[in-house]
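Student: build the 3D model from these lines:
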Amino acid sequence: MSITPALQSNLRERESAPSSLSVEERSLLEAHVRLLEHQLDYVRAEMLHLVHERDLMTYSAAGKIYKPLRRLEARLVDGFQALRGARPERAAATENARANVSRIAPAVRRLDARRLLVDVTATAKYDAGTGIQRVAKKVTQALYRDDALPIPALAVRCEGGRLFTCRRFVASLCGGGAAEDEEVRIEPGDRFLTLADSWNVFDEYAGVFDRIHEGGGAVVSCIFDLIPALHPYACHETTPPRYNAWLARALVESDAFLAISRTVAQELADFVERRGAPHRRGLKIGSFELGSDICSGPAAAPREKIAAAVGAAPVFLCVGTIEPRKGQRVALRAFETLWREGRDARLVFVGRRGWFDEAVIAEITGHAEFGRRLFWFEDASDDELAFLYDHATAALAPSFAEGFGLPIAEAARRGRPTICSDIPVFREVGGEGALYFAVNEPPALASRIADLLDGRASGDPTATSRSSWSETARRIVSVIAEDGWSHSLS
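Tutor: Residues are numbered from 1 along each chain as shown. Sure thing, here's the model as predicted:
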C-alpha cells in the first residue's frame, strides 16, 4: 500500500473536513494509518528490546570488558566509512546521469537480439542465500539446461569494466568441470541483462553499457520490487539511499526493465510517471513470473530437528527473511490467539536473520511454545524446505509489501494452499487458489486459519501461480528477444 505525495498533501489539507473525503480516499487513508501503526508497533518492540539489552551490558561485568572493545570497533568502522566516503563517483555519476538524460538516447540503429548476456556479478561474488540470489541461481541454471531458447544465453560477470565468463559459478549450478574464465567480447545486437542485485556493483558497468549501446544492443535491468522507495522504513537504514541511487541511474542507463511480477511492472511505470523521474526515451517495461520448483520429486530425508517440527497436529509454514515487512509477529500473534482457544496447531518459521530482527527473534526463541508448537529454522536446505511444505497444512504469507511472493507459488507446487495478506501482488500470484486476510491484522489471520481447520474454507493450489524455473527462464528470453513488453514510456 503506497500513497502519492499529491494525495498525501490533499488529505492533510482536508483532515479538518473529513466529510469531504471520497470513499476511496477515506479507505486509502485508513489503510495508510493502519500500516503506519503496524510499523510503529514493530519499531517500538525493537527499541524496547535493544534498550533492555543495553542495560544488561551497561550494568554487568561483561559490559566492563565490552566497552573498550566497542570503542576500538567504532574507530575501525569510522575509518572504513571514511575510506568509502572518499569515493564520491557514485553520487556524481548519478547526478551526471540525471543531467544528461537527453544525451543518452540511442545513437545507433537498434539491431535484432543476437545473444543474451546474463550478468550475475553480485551473486557470483557473494551468495547471501536470500530470495534475489535464489532467483539468479535458478534462472541461470534453467537457461543452461534449455537448448531451445529463442537466442543463446551466456552468464557473465563484470570486472574492471570488462565482461568474463562465469564457468565455475555455472558448474556449481549445473555440475561438471569448470575451465578458466575468459573475456567475453560484446557483439552487435547483444542484450545485457543485469539479473542479480546490480545496485551493489553498478559502478563497474559504465563502460559495458556504452559498448552495448554502441553496438546497437540494449541494456535490460531486472527489478525485484520498489520497497526501498515506497516503504523505506521497512528497510535497513543503508538500503533506501543505495537503492534510490541505483534506480536513478538504472532508469537512464537501461533501455528496458524486467519486473518479477505484473504488479511491480505497473508500480514502476506509475512511479516514473508520478515522480517525473528522468528515464531513457522509449523505456520499456515487462514482467515474468518466478519459478516454484524447489526440488524434483520427493524431498530427501531432513535433519532430525526439522523432522521433529511436524507431527499429528496441523503445521503452518511461514517462509521468509526475518525483517519488519514479512509479518512474523503478525503470524505469532495469530497463533497465540489460536493456542489460547485450545487449538493444537504448529507454527514453523523458515528464514535467515535480516534487519531490525532482535525483538521478534527474542520473542520467538523465548516463547513458552518454542520447540513444542513453535519452531524457527534459519538454515533449512531446499530439500528440507520441500519436506516442510509437503507436511504443512498450509503456508502463511503475512507480508505487507512484496515483489512477488515466492512461498505462495512454492507451496502451490507442492500441493499446499496459502493464507496470505490481501495485497495486490499476492492477489496476482495467489489468484483464486489462495485464502486472504486483512493485512497486518492478527485476529483476521487467526480467523482465516480457524476457517481452514474447521473446513469452512479451503484453498486450491491448482488455481495459484506454479511456473517452473525453466518456464521463467524461457519467458525472460522471449520478452527480451521478441520485444514482449507491457509498457512503453515516452
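Student: okay, CA-based contacts and neighbour counts for the rest of this
Tutor: Will do.
Student: from what I can see residue 143 touches residue 472, true?
Tutor: No. The criterion here is C-alpha atoms under 8 Å, and residue 143 misses it with residue 472 at 9.3 Å.
Student: compare these two (neighbour count), which wins?
Tutor: Neighbour tally, residue 143 and residue 472, criterion other C-alpha atoms under 10 Å: the higher count belongs to residue 143, 25 against 22.
Student: which pLDDT value does the model give the more buried one?
Tutor: For residue 143, the model assigns a pLDDT of 96.
Student: ok, residue 111 next?
Tutor: 87.
Student: quick one: secondary structure of it?
Tutor: Three-state assignment for residue 111 (DSSP: H, G, I helix; E, B strand; the rest coil): coil.
Student: check contacts around it.
Tutor: If a contact means C-alpha atoms under 8 Å, 6 or more residues apart in numbering, then residue 111 has 188-189, 216-217 as its contacts.
Student: swap the cut-off to 7 Å and go again
Tutor: Shown in contact with residue 111 (C-alpha atoms under 7 Å, 6 or more residues apart in numbering): 189, 216-217.
Student: mind checking how far it is from residue 216?
Tutor: According to C-alpha to C-alpha, to the nearest Å, residue 111 stands 5 Å off from residue 216.
Student: what's the closest non-adjacent residue to residue 326?
Tutor: Spatial nearest neighbour of residue 326, chain neighbours left out: residue 399 (4.1 Å); criterion: C-alpha to C-alpha, 6 or more residues apart in numbering.
Student: I'd say the one you found and residue 327 touch.
Tutor: Yes. Using C-alpha atoms under 7 Å, residue 399 is in contact with residue 327, at 4.9 Å.
Student: returning to what we had before: find residues that contact each of residue 111 and residue 216.
Tutor: residue 189.
Student: count of neighbours near residue 274?
Tutor: 12.
Student: swap in the one 10 residues further on?
Tutor: Residues within reach of residue 284, counting by other C-alpha under 10 Å, total 22.
Student: show me the contacts for it.
Tutor: Taking C-alpha under 7 Å, 6+ apart, we find residue 284 in contact with 255-257, 485, 487-489.
Student: output the contacts of residue 111 in a markdown table; the columns should cover pLDDT and neighbour count.
Tutor: Listed next are these as a markdown table, based on pLDDT from 0 to 100; neighbours: other C-alpha atoms under 10 Å:
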| residue | pLDDT | neighbour count |
| --- | --- | --- |
| 189 | 95 | 21 |
| 216 | 95 | 20 |
| 217 | 96 | 29 |
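Student: so which of these are in helices?
Tutor: Applying DSSP state H to those, no entry is found in helices.
Student: of the contacts of residue 284, which is the most crowded?
Tutor: residue 256 (27 neighbours).
Student: residues in contact with it?
Tutor: By C-alpha under 7 Å, 6+ apart, the residues touching residue 256 are 219-221, 283-285.
Student: which of these lies closest to residue 346?
Tutor: Residue 346 has its nearest neighbour among the contacts of residue 256 in residue 221, at 40.5 Å by C-alpha to C-alpha.
Student: what's near enough to touch the residue nearest to residue 239 when sequence neighbours are not counted?
Tutor: Distance criterion C-alpha to C-alpha, 6+ apart; nearest residue to residue 239, sequence neighbours excluded, is residue 228 at 6.7 Å. Applying C-alpha under 7 Å, 6+ apart to residue 228 gives the contacts 235, 239-240, 243.
Student: quick one on the thing from earlier: could I get the contacts of residue 256 as CSV with pLDDT?
Tutor: As requested, the contacts of residue 256 are arranged in CSV below (pLDDT from 0 to 100):
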residue, pLDDT
219, 96
220, 97
221, 96
283, 97
284, 97
285, 98
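Student: check the residues you listed and tell me the two furthest apart.
Tutor: The largest separation in these, counting by C-alpha to C-alpha, is between 219 and 285 at 12.0 Å.
Student: the more surrounded of those two?
Tutor: Neighbour totals were compared for residue 219 and residue 285, and residue 285 leads with 28 against 21 (other C-alpha under 10 Å).
Student: element containing that one?
Tutor: strand 284-287 (DSSP states H and E).
Student: within the sheet, what are the partner strands of that strand, with directions?
Tutor: Partners of strand 284-287 in the sheet, by DSSP bridges, are strand 256-259 (parallel), strand 487-488 (antiparallel).
Student: and those: which comes nearest residue 248?
Tutor: Ranking the strands paired with strand 284-287 by distance to residue 248, with C-alpha to C-alpha as the measure, places strand 256-259 first at 12.9 Å.
Student: what is the mean pLDDT for the following helix or strand past that closest one?
Tutor: Next along the chain after strand 256-259, taking DSSP H and E as the criterion, comes helix 262-275. Averaging pLDDT along helix 262-275 yields 97.
Student: now stretch 317-330
Tutor: The average pLDDT within stretch 317-330 is 96.
Student: for that stretch, what is the distance to the chain centroid?
Tutor: 12 Å (C-alpha atoms, centre = their mean, to the nearest Å).
Student: please save the CA atoms from it in CSV.
Tutor: The C-alpha coordinates for stretch 317-330 follow below in CSV (Å, rounded to 0.1, in the frame of the first residue of the first chain):
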residue,chain,number,x,y,z
LEU,A,317,4.7,-22.8,7.4
CYS,A,318,5.9,-19.2,7.2
VAL,A,319,9.0,-18.7,4.9
GLY,A,320,11.0,-15.5,4.6
THR,A,321,13.8,-13.5,6.0
ILE,A,322,13.2,-12.2,9.5
GLU,A,323,12.5,-8.5,8.8
PRO,A,324,9.8,-5.9,9.5
ARG,A,325,7.6,-6.3,6.4
LYS,A,326,7.5,-10.1,6.4
GLY,A,327,4.9,-10.2,9.2
GLN,A,328,6.4,-12.8,11.5
ARG,A,329,4.9,-11.0,14.5
VAL,A,330,1.5,-11.0,12.9
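Student: and the contacts of it?
Tutor: By C-alpha under 7 Å, 6+ apart, stretch 317-330 touches 42, 234, 347-357, 360, 392, 394-401, 407, 440-442.
Student: same check on stretch 444-462?
Tutor: Under C-alpha under 7 Å, 6+ apart, the answer for stretch 444-462 is 334-335, 337-338, 412, 415-417, 433-435, 437-438.
Student: any chance of a markdown table for those, columns neighbour count?
Tutor: Output for those, formatted as a markdown table (neighbours: other C-alpha atoms under 10 Å):
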| residue | neighbour count |
| --- | --- |
| 334 | 20 |
| 335 | 25 |
| 337 | 16 |
| 338 | 18 |
| 412 | 29 |
| 415 | 18 |
| 416 | 23 |
| 417 | 30 |
| 433 | 22 |
| 434 | 29 |
| 435 | 25 |
| 437 | 20 |
| 438 | 17 |
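Student: so which of the residues you listed sit within strands?
Tutor: Secondary structure from DSSP state E places 435, 437 of the contacts of stretch 444-462 in strands.
Student: nearest to residue 117, out of the contacts of stretch 444-462: which one, please.
Tutor: residue 412 (31.6 Å).
Student: low-confidence ranges, the stretch 101-250 of the chain, go.
Tutor: 101-109, 128-129 (pLDDT under 70).
Student: switch to 50 and redo it
Tutor: In the predicted model of the stretch 101-250 of the chain, residues 101-107 satisfy pLDDT under 50.
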